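Chemist: Sharing a model prediction with you, sequence too.
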Amino acid sequence: MTARGATRSYLFALTDGGGTVPPELGVARRLVERGHRVTVLGEDSMAAEILRTAATFVPWVEGLNRPDRDPANNPFKDWGLGPIAQVRGVADHLIAGPAAGYARDVLDAIAGERPDLVLTSVFAFGAMAAAESAGLLFDVLLPNIYPFPADGVPPMGMGLRPATGRLGRTRDRLIFAAGVRTFDRYVLPRINAVRADLGLKGLEHALDQVGRARHQLLLTSPAFDFPANLPSNVRYVGPVLDDPSWAELAPAHASWAAPPGDDPLVLVALSSTFQDQGGTLQRIVDGLAYEPVRGLVTTGLGLDPAVLRAPENVTVVRAAPHTAVLAHAALVITHGGHGTVIKSLTAGLPLVLLPHGRDQADNAVRVTERGAGIRLRRTAPPKKIARAVRRVMEDSSYTRAAAVLGEGIRRDAEPGALVETLEDLPCSR
């Protein structure tokens, strides 16, 4: 029996993943607008954005809590690291290291108001275990493509195409097995120690903690992702296309403007967090100087616009509302973050992608496989970037492919499936 329409209480346990924050808080905002009680455990770096949703903000006390998004406060520098070093860094600083603190803070929040559902960021394993120990349902928010091993999903992080034939399936099986062993090595003992302290049985594999969720909520479109046989608790609920509130509050929001003229507008948007992207941005800006375009570069919070040397046809700002800019643009140049890619495609715009890490190469291959853009190395020189821009602008097939892909994404972005899934809960105890 369900009770859709009844007022419910939701507890969010969120970590500051940069581009993951706007869609995760977009979920919270939608529940507030439906009249539900929403509490968000989050980092101080997210406080202003959380408060704008009208949810109740509770800062992490024992869990990881960054005061702001200054790169100096990053728990570790994930750019430029090899795969094993990245896994260890994520384990030490984002998942296993703070897990016990996340668990204690979530249990304190649950004691204050026993929620009907706990929703967690994917790295908050301790929050998941705490909800489980309290006998509460929990969902895991995944504001990107499906990142875990599954039949048909190429291994993450390398920008691989879907496997074909026995050799391809063997490739995936071996890479997945190595990844699970590495993740378990650095995460499993500490997560099981937290679970033991909570009175829970140990896990066979660390990722089993995510598998114990009621739902893994994929905040993306199946039209964008590659088809795969996913676990039974995975739900595609559509992308959340909200711009970050810090961009809406920035001075550029009210008066953003591209250089004057009638040349096509190109939006350049790399990561909103620091990924050592300054050199790539400068090469992009230099490349746009060769082309008859108007460039608008948004550096985000991770980079000072003043460090870039811009030609007359390029404007560089800290922030601008991408949704509004995309309505006037002809092309987007990006690192391949999920939010920027999905918004660009929803607007029917092709892309030039220069992945830096994380899930970006995997998003890029989903674009290039559909013919909606071109991928370059992040170290590509200015003239090569200029040629890619010219090719995408002159070959209308890229725009047509982006429009087709964007049409499917727009359908899936309707909030009905998301809200229905979150409100489909057992009657209150």
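Modeler: It's in.

Chemist: Please pull up the helix or strand immediately following the worst-scoring helix or strand of the chain on mean pLDDT.
Modeler: Of all helical and strand segments in the chain, the minimum by mean pLDDT, DSSP states H and E falls on helix 251-255, at a mean of 48. Next along the chain after helix 251-255, taking DSSP states H and E as the criterion, comes strand 265-269.

Chemist: ok and the following helix or strand past that next one relative to strand 265-269, angle-wise?
Modeler: Going down the chain from strand 265-269, the next helix or strand is helix 278-288, by DSSP H and E. Angle, helix 278-288 to strand 265-269, by axes from the mean of the first three to the mean of the last three C-alpha atoms, to 10 degrees: 170 degrees.

Chemist: Make 29 the starting number, not 1.
Modeler: In the new count, where the first residue is 29, that last one comes out as helix 306-316.

Chemist: so how far is helix 306-316 off the chain centroid?
Modeler: Here the centre of helix 306-316 is set off from its chain's centre by 24 Å, with C-alpha atoms, centre = their mean, to the nearest Å.

Chemist: which strands and helices sit next to that helix?
Modeler: strand 293-297, strand 322-326, strand 342-345, helix 410-422 (3 or more C-beta pairs under 8 Å, 6 or more residues apart in numbering; DSSP states H and E). Every C-beta, even on glycine, is put in place using the N, C-alpha and C of the backbone.

Chemist: ok, now with 6 Å
Modeler: helix 410-422 (3 or more C-beta pairs under 6 Å, 6 or more residues apart in numbering; DSSP states H and E).

Chemist: how distant is the helix it packs on from the center of its chain?
Modeler: Relative to its parent chain, helix 410-422 has a centroid offset of 27 Å by C-alpha atoms, centre = their mean.

Chemist: how about the nearest residue to residue 157 once chain neighbours are set aside, secondary structure?
Modeler: Once flanking residues are discounted, residue 157 sits nearest to residue 223: 5.2 Å by C-beta to C-beta, 6 or more residues apart in numbering. Secondary structure state of residue 223, per DSSP: H, G, I helix; E, B strand; the rest coil, is helix.

Chemist: What distance do you get for residue 223 to residue 155?
Modeler: Relative to residue 155, residue 223 is positioned 12 Å away (C-beta to C-beta, to the nearest Å).

Chemist: Comparing the two, which residue is more hemmed in?
Modeler: Between residue 223 and residue 155, counted using other C-beta atoms under 10 Å, the more crowded position is residue 155 (32 against 23).

Chemist: isn't that one right up against residue 130?
Modeler: Yes: under the criterion of C-beta atoms under 6 Å, residue 155 makes contact with residue 130 at 4.6 Å.

Chemist: Could you check which helix or strand contains residue 164?
Modeler: Per DSSP H and E, there is no helix or strand for residue 164.

Chemist: who touches it in this structure?
Modeler: residue 146 (C-beta atoms under 6 Å, 6 or more residues apart in numbering).

Chemist: And for the one 4 residues further on?
Modeler: If a contact means C-beta under 6 Å, 6+ apart, then residue 168 has 148, 150, 238, 241, 244 as its contacts.

Chemist: Surely it is in a strand?
Modeler: Yes: looking at residue 168 with three-state DSSP, it is inside a strand.

Chemist: Would you map the helices across the stretch 329-457 of the chain?
Modeler: Taking DSSP state H, counting those that start in this stretch as the test, the helices found in the stretch 329-457 of the chain are 350-354, 366-374, 388-396, 410-422, 424-440, 444-451.

Chemist: Ranking the ones you listed by mean neighbour count, which comes first?
Modeler: Mean neighbours per residue, mean count of other C-beta atoms under 10 Å, is largest over the helices of the stretch 329-457 of the chain for helix 366-374, with a mean of 27.

Chemist: In the stretch 129-278 of the chain, where is pLDDT below threshold?
Modeler: 273-278 (pLDDT under 70).
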